[in-house]
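> generate coordinates for the sequence data below:
(2 chains)
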Amino acid sequence: MQTEFTEDQEQFREVVARFLQDKSTPLSVREMMASEAGYDKDVWRQLCEEVGVAGTHIPEAFGGFGFGSIELGVVAEEMGKHLYCGPFFSSSVMAAYALLNIANDSSKVKLLPDIAVGKTLATLVLDSLNSPEAVGRQLVVANNSLSGTAAMVLDAHVADLFVIVARAETGLGLYTIHAGAEGVSVDLLETIDQTRKVSRVSFKNATVERIGHVNSESLDRTWDHICVVLAHEMIGGAQHLLETTIDYTKLRYQFGRPIGSFQGLKHRCADLLMEVEIAKAATHHAARCLDAGEGEAYAASMAKALAADTYMKAAREAIQLRGGIGFTWEEDTQLWFKRAKSSEVLMGTPAIHRERMISMMEQQS
Amino acid sequence: MSTDTKSLTSNEAIRAELESWLDENWSPDRSLLAWRDILVDGGWAATGWPLEYYGRGFDRGQVALVHEIFREKGAVGAASVGPRRLASETILAMGNDDQKRRYLRPILTGEHAWCQLFSEPGSGSDLAGLSTKAELIDGKWVINGQKVWNTSAHHADFGILVARTNWDIPKHQGISYFLIDMRQPGVEVRPLKQMNGHASFNEVFMTDAIVPAEDLVGGEGNGWAVATTTLSYERRGAAPTLSGASTSENPQEGLVYDEYREELKIANEPYTWYPQRQGRVDLVMSRAKETGAISDPVIRQEMAKLFCMSKGAVLASQAAEAKRKSGSNEIVPAGSIGKLAASVIARQSAHVHTMISGADAMLSGPTSAEEGMVAEVLISVPAISIAGGTDEIQRNIISERVLGMPKEQRSDTGPFRDIKRNT
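Numbering: from 1, shown residues only, chains lettered A, B, ... in the order given. Down below sits the predicted model:
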């Protein structure tokens, strides 16, 4: 397995980074947070047309570029750094991975090409965002008629297509329904992290199309794919916080010297660097495991747990080391803090993933 | 010069030459010293060294090949364990021809064991604040002072020593580097027992100990630069410049093996508890299963945190190594980060072992968990964050050299004589 990025991958990172530096500034992030849609349609269109992010990992047969988890991770890492607000994670990552891992071929052919170019905004409707084992308790299908509530769905308020995991008599299945269909209601919820819009989605005898059978392997695999992308987003955010915090400690003077010259702060920054480097290595490793098809579930849970704890630690330290200014609305650190919190719990808390790691190890040894 | 042409030697040619040389010369029935004399004369004792000094100027890959052939043949290589390597590499890099001629050969043959005389009770992290005194009297250096943490000093023939030769200039500039004969009346070695009961180190007291003028390395006042060379070898670990076979893989019969095993036993004795100070993560899962602790959800969480850190640290060091190889400009502080991570891992492992043991963690000795290994973990882990540079020093290095944070304000820049220090 490779242990470093190729030149092409580094160049791709450059392209994504340059775009986001320009289009996803803290100022524009704040605008998106306050807007109802939560994203800038023009920027999303450019991201899809000029950079091609939405189809990075989707095979060419389904209209994408056919790259792997490593390249998709590169996109997510840069998005995490720049706190990009848009339907990338809900549509290109969550919904597309569910389709790729679970849907039948004809549905892939039908649905993925429009998702791969960002024309269709899809979202994955799960009735639990905590663990795959808890999925399928609220959403129930009988005779292609879906009822029940998914308490939290990302970007449902702007999605065109819902990709749903629900329980039928024959077991879990994957279903689709178009937004605005009869029997579907979407309520935008108030959230801590306003860069990620979340809605409650309720179905009442809504007519859905069944596009695949879900077993525990395919759902776990989807979950792993999503978690590894999320981990990349988190290490990007943690890296950003580390860098901006170090910069701040060099500029801020107290007691006649930069506060970054005090060991009390330097040592905390050194510890944070260590944790960030380890979380980054574990996350990059997880992407490689997914692409190589080796030990991916364990690596995914390890990456999610490490990245989540590290991002939260970076966020706490970023505020603490700034002192009072760090706790203000005006200072941008709070935006990353809130994203760290929503990422920490989305798709399983670190504790859930650690438990999953030990279960896997226990069975192996 | 000759080094370059030697580097061009193909692997096939090296293999052919060495194999036929070993077929002709290697015999397990000689004494260890007799064999190593032949080895040094044949030019196979330190193939990474230059031609003028027992070597062949081989690169790392070629030296590794030589090792491999020695292993295949079950042949014993040059003496290489313990602090002698620090001495030979430093002498090779910074010593004069006379010193190289006198000292290198007996290091390779194992005739001379060495120790390192750097740290002092009054200067640990601040090595350059050392206060062992060296005075030139009647053409000889007279040494007075105390050193500490001297691995293998109790059976060393010589020591690499840093001492202060000038007290009136800034501290780094007044240090000189010496090669000292340990077998003299002015040198007293006392074992230093650690909190885990082992005595891997010594204290060395020097009272009017004598160093001949010709055993000053690098010139008076240049000791800090020479010491830095030693420390960089120490941090880099064992660079494969010497060839050698491991008898543990070749439990064969013969006088040379008997003597070699004895040499290794003495040289490795100080390090038997080193795996325990790293926490013995390898024992965690099997112990958790055996004791039933595996069913405790709290312990499972702590175990997973441990495995995340230990696997993550390995991955981070691989990533750093890959970056270093690719010639990236990014500063990759692999060593310091790895060292901090090792401390976190060792402490977490001790914590998990304690949770698994419960009250049994009070016990030690051969009848306790893992034949006493768990107890040894619990009382050895505090060493990991101190040995080889405390974690606090590592954090200074990371924050200043990697993160570019401002240096701490210094209060030790003037003449050494005026600096406040331990008395």
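> what's in contact with the helix or strand containing residue B:396?
Assigned by DSSP states H and E, residue B:396 belongs to helix B:391-397. For helix B:391-397, the external contacting residues (Cβ atoms under 8 Å, 6 or more residues apart in numbering or on different chains) are A:263, A:266-267, A:270-271, B:125, B:333, B:336, B:339-340, B:343, B:385, B:408. Every residue, glycine included, has its C-beta placed from N, CA and C.
> run through the residues that contact the spatially closest residue to residue A:107 that is not a sequence neighbour.
In this structure, residue A:107 finds its nearest non-sequential neighbour in residue A:211, 3.8 Å apart by Cβ to Cβ, 6 or more residues apart in numbering or on different chains. Contact analysis of residue A:211 by Cβ under 8 Å, 6+ apart lists A:99, A:102, A:103, A:104, A:107, A:111, A:174, A:175, A:176.
> give the PyMOL command for selecting the buried subset of those residues.
This is how PyMOL selects the buried members of the contacts of residue A:211, with burial counted by 16 or more other Cβ atoms under 10 Å in any protein chain shown:
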select buried, chain A and resi 99+102+103+107+111+174+175+176
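> of all residues in chain A, which one is nearest the centre?
residue A:230 (3.6 Å; Cα atoms, centre = their mean).
> confirm it sits in a helix?
Yes - counting by DSSP: H, G, I helix; E, B strand; the rest coil, residue A:230 is located in a helix.
> enumerate the residues of the stretch 101-250 of chain A near chain B.
Contacts of the stretch 101-250 of chain A with chain B, taken as Cβ under 8 Å from any Cβ of the partner chain, map to A:246, A:249, A:250.
> helix/strand/coil for residue B:420?
Per three-state DSSP, residue B:420 ends up coil.
> what about the residue lying farthest from the centre of chain A, distance to chain B?
In chain A, the residue that sits farthest from the middle, by Cα atoms, centre = their mean, is residue A:256; the gap is 42.8 Å. Taking Cβ to the nearest Cβ, to the nearest Å as the measure, residue A:256 falls 10 Å from chain B.
> quick one, helices of the stretch 201-350 of chain A?
Assigned by DSSP state H, counting those that start in this stretch, the helices in the stretch 201-350 of chain A fall at A:216-251, A:263-292, A:296-322, A:333-345, A:350-364.
> ditto for the stretch 101-250 of chain B
B:223-236.
> what is the burial count for whatever residue of the stretch 201-350 of chain B ends up closest to chain A?
The stretch 201-350 of chain B approaches chain A most closely through residue B:304 (3.4 Å), counting by Cβ to the nearest Cβ. By other Cβ atoms under 10 Å in any protein chain shown, the residues close to residue B:304 number 24.
> my guess is residue A:48 contacts residue A:121. True?
No - counting by Cβ atoms under 8 Å, residue A:48 does not reach residue A:121; the two are 10.6 Å apart.
> and those two? which has more neighbours close in?
residue A:121 (23 against 20).
> let's test this: mean pLDDT of the longest helix anywhere in chain B, rounded?
Ranked by residue count and defined by DSSP state H, the top helix of chain B is helix B:297-325. For helix B:297-325, the mean per-residue pLDDT is 93.
> same check, this time on stretch B:219-232
So the average pLDDT for stretch B:219-232 ends up being 95.
> do me a favour and average the pLDDT over stretch B:110-118.
96.
> do the same with stretch B:371-385
On average, stretch B:371-385 scores 97.
> may I see the buried residues of it?
B:373-385.
> hmm, it touching chain A?
No - using Cβ under 8 Å from any Cβ, we find that stretch B:371-385 stays clear of chain A, coming within 12.2 Å at best.
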